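A.B. asks: quick one: sequence plus predicted model below, questions after.
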Amino acid sequence: MKLGTLTEGGGDAVVTGFAIDHRKVAPGTIFGAFEGARFNGEDFIPDAVKAGAVAIVARPGARVEGAIHIVDANPREKFARLAARFFAPFPATAVAVTGTNGKTSTVEMTRQLWRMRGFHAASIGTLGVTTADDTVSTGLTTPDIVTFLSNVAGLAREGVSHVAFEASSHGLSQYRTEGLPVRAAAFTNLSRDHLDYHGDMAAYFHAKLRLFADVLDPDGVAVVWADDPHSPRVEELARMRGNRLVTVGEHGETLKLIARDPTLLGQGLTIEAGGETYRVNLPLIGAYQAANALVAAGLVIATGGDVIQTLGDLSRLQPVRGRLERAVITKQGAPVYVDYAHTPDALEAAIAALKPHTAGRLIIVFGAGGDRDTGKRAPMGQAAAAGADIVIVTDDNPRSEDPAAIRAQVLEGAPEAIEIGGRRGAIKAAIEMAGSEDIVLIAGKGHEQGQIVGDMVLPFDDVAVARECAA
Ligand SMILES: CC(=O)N[C@H]1[C@@H](OP(=O)(O)OP(=O)(O)OC[C@H]2O[C@@H](n3ccc(=O)[nH]c3=O)[C@H](O)[C@@H]2O)O[C@H](CO)[C@@H](O)[C@@H]1O[C@H](C)C(=O)N[C@@H](C)C(=O)N[C@H](CCC(=O)O)C(=O)O
Ligand SMILES: Nc1ncnc2c1ncn2[C@@H]1O[C@H](COP(=O)(O)OP(=O)(O)OP(=O)(O)O)[C@@H](O)[C@H]1O
Ligand SMILES: N[C@H](CCC[C@H](N)C(=O)O)C(=O)O
Ligand SMILES: [Mg+2]
């Protein structure tokens, strides 16, 4: 592609790629110079030019010599739109999900539902880039813009026609998912997380609303879980913008959840749609999985799926790794579940999912991640203390923080809790104290295969450790 087709005055220079890290610039690259939380990308412009960058996307004040300066007050957005033109085409049906919790579950369920209909589908998010054959991790829930666009374009070249991706609030703030057509966007819920980055809930919500204000196609569909206190705001934004609305949940219009009752292997849902009432057997437990399944059904319907067919397909959904995944049953007969709950709201949801199945005591093992929102730690302790019978506070991913200090902040919300520093020891203690009527819930790391301590990632998989401790 010639630079002249991407920007006036670009001439015949050949564009060979895009980069936002100067160390990845090669001859012909367009470099995005962004101010970040730790560095200012503009400091690396001379190095990028030396490495062969043909153009630099940067704000008006930046100094650019030896390459075209593509000037824009919002360089991240401008860069994304240019990169999207370079990487196109993309899968014709791309949908996005945002919300504090439920994104991974929902995009994975959407991928499964599309696959049941015979589509070549993929999902991109915390679990990585997932297709029918495998999953490749990108390290982030929403990868950086170059990784994201090149991966989505790569999926299209492989014949993928449907992709569902997680739009995290960081990803939306940093314009990591701009430029490709987005046919539907879903909102799951909003509760406390990532305030270390956004500062307050208003800014956090505003970041998420950008998915509906900017990223969703003007003629796209907004899919909203209608039972969250913030949902009316999202619905109002969609109406004002002229987007079609699909709402699901007890207050949903498209898929109205009438009743939900636990069954042996999951739960039965009674749903009203188009004036008819349907009964769905969902093979997943917990109100939160019913919510995510309905949002996924909403996304499939929003992009052309038949209502009756889609509701029927929900009965064949497979569990999402690390989301209420049953790891093992102990010698005493106690089931051990692994869940990804790492916010107060998520802990409440995971506990609420297991309580109806707990004849004896619910024993929870969890901690809180380091270098993340510290204000959610005590409320996480409170949520665990309020819902579980025995609370064991341990380490999650301490990262650069002192693990004992993180545990102390969690314990402020759960003074009666047992504190066990090492995660393996905590899991072992929970499994050894569980009786035949009890259930063990290990929360916070879900599918994660490593524990981040300082700059190291130590191999650690909650499911594998639970099985070792129960052996
Ligand atoms: C806080 C945060 O989101 N940081 C992300 C962000 O960094 P930043 O924009 O602040 O960049 P910076 O590190 O200050 O550097 C500024 C610019 O200079 C460039 N640079 C920097 C150094 C250099 O030598 N040369 C160079 O060109 C960088 O590429 C960057 O463009 O952009 C980087 C490139 O895309 C990301 O790798 C980085 O993710 C960090 C590693 C991270 O941990 N992010 C987490 C918090 C995150 O994004 N989590 C969300 C939410 C997860 C959830 O849903 O719970 C996610 O989507 O995963
Ligand atoms: N709809 C929901 N309502 C409340 N809690 C939920 C919901 N869906 C999931 N959860 C809780 O949040 C945890 C994480 O779920 P999931 O990974 O789907 O969310 P996510 O939005 O992708 O999270 P992250 O932002 O970390 O990527 C689950 O293990 C569960 O405890
Ligand atoms: N992937 C997300 C959630 C991590 C969850 C928990 N394991 C933690 O480390 O806080 C993040 O990077 O914020
Ligand atoms: Mg996720």
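C.D. replies: That came through, no problem. Everything numeric in this text was worked out from a predicted model, so none of it was measured. Ligands and ions are numbered 1, 2, ... in the order given.

A.B. asks: name the nearest residue to residue 190, ignoring sequence neighbours.
C.D. replies: Nearest non-adjacent residue to residue 190, counting by CB to CB, 6 or more residues apart in numbering: residue 230, 4.4 Å away. (C-beta placed from N, C-alpha, C; glycine too.)

A.B. asks: just give the number of residues close to the one you found.
C.D. replies: Other residues within reach of residue 230, judged by other CB atoms under 10 Å, total 19.

A.B. asks: that one against residue 205, yeah?
C.D. replies: Yes. Counting by CB atoms under 8 Å, residue 230 touches residue 205, with 6.3 Å between them.

A.B. asks: low-confidence bits of the stretch 1-150 of the chain, can you list those?
C.D. replies: Residue ranges of the stretch 1-150 of the chain with pLDDT under 70: none are present.

A.B. asks: what's the overlap in contacts for residue 230 and residue 205?
C.D. replies: Common contact partners of residue 230 and residue 205 (CB atoms under 8 Å, 6 or more residues apart in numbering): residue 190.

A.B. asks: spell out whether stretch 349-363 and ligand 2 are in contact.
C.D. replies: Yes. Between stretch 349-363 and ligand 2, judged by CB under 6 Å from any ligand atom, the touching residues are 349-350.

A.B. asks: which SSE is residue 100 in?
C.D. replies: For residue 100, there is no enclosing helix or strand under DSSP states H and E.

A.B. asks: so residue 9 touches residue 70, yeah?
C.D. replies: No. Assessed by CB under 8 Å, residue 9 is found out of contact with residue 70, at 9.5 Å.

A.B. asks: neighbour count winner among those two?
C.D. replies: Using other CB under 10 Å as the criterion, residue 9 and residue 70 rank with residue 70 on top: 23 against 9.

A.B. asks: what separation do you get for that one and residue 372?
C.D. replies: According to CB to CB, to the nearest Å, residue 70 and residue 372 sit 35 Å apart.

A.B. asks: again, but for residue 5
C.D. replies: Residue 5 sits 42 Å away from residue 372, taking CB to CB as the criterion.

A.B. asks: and these two? which has more neighbours close in?
C.D. replies: Neighbours were counted for residue 5 and for residue 372 using other CB under 10 Å; residue 372 has more, 21 against 11.

A.B. asks: ok so that one is a helix residue?
C.D. replies: No. Membership of residue 372 in a helix is not supported by DSSP: H, G, I helix; E, B strand; the rest coil, which gives coil.

A.B. asks: kindly state the pLDDT recorded for it?
C.D. replies: Listed pLDDT for residue 372 reads 96.

A.B. asks: one more: residue 262?
C.D. replies: 88.

A.B. asks: that one belongs to a strand?
C.D. replies: Yes. Residue 262: assigned to a strand according to three-state DSSP.

A.B. asks: just give the number of residues close to it.
C.D. replies: 14.

A.B. asks: what bridges to it?
C.D. replies: When bridges are called by DSSP bridges, residue 262 pairs up with residue 267.

A.B. asks: how close does residue 268 sit to residue 306?
C.D. replies: For residue 268, the distance to residue 306 - CB to CB - is 21 Å.

A.B. asks: between these two, which has more neighbouring residues?
C.D. replies: residue 268 (15 against 12).

A.B. asks: residues touching the more buried one, list them.
C.D. replies: For residue 268, the contact set (CB under 8 Å, 6+ apart) comprises 259-261, 279-282.

A.B. asks: the same query, at a cut-off of 6 Å, please.
C.D. replies: 261, 281 (CB atoms under 6 Å, 6 or more residues apart in numbering).

A.B. asks: do the same with residue 438
C.D. replies: The contact partners of residue 438, taken as CB under 6 Å, 6+ apart, are 334, 360-361, 363.

A.B. asks: what confidence value was assigned to it?
C.D. replies: Reading off the model, residue 438 has pLDDT 98.

A.B. asks: phi, psi of it?
C.D. replies: When quoted as degrees, to the nearest 10, the phi and psi of residue 438 stand at phi -90, psi 170.
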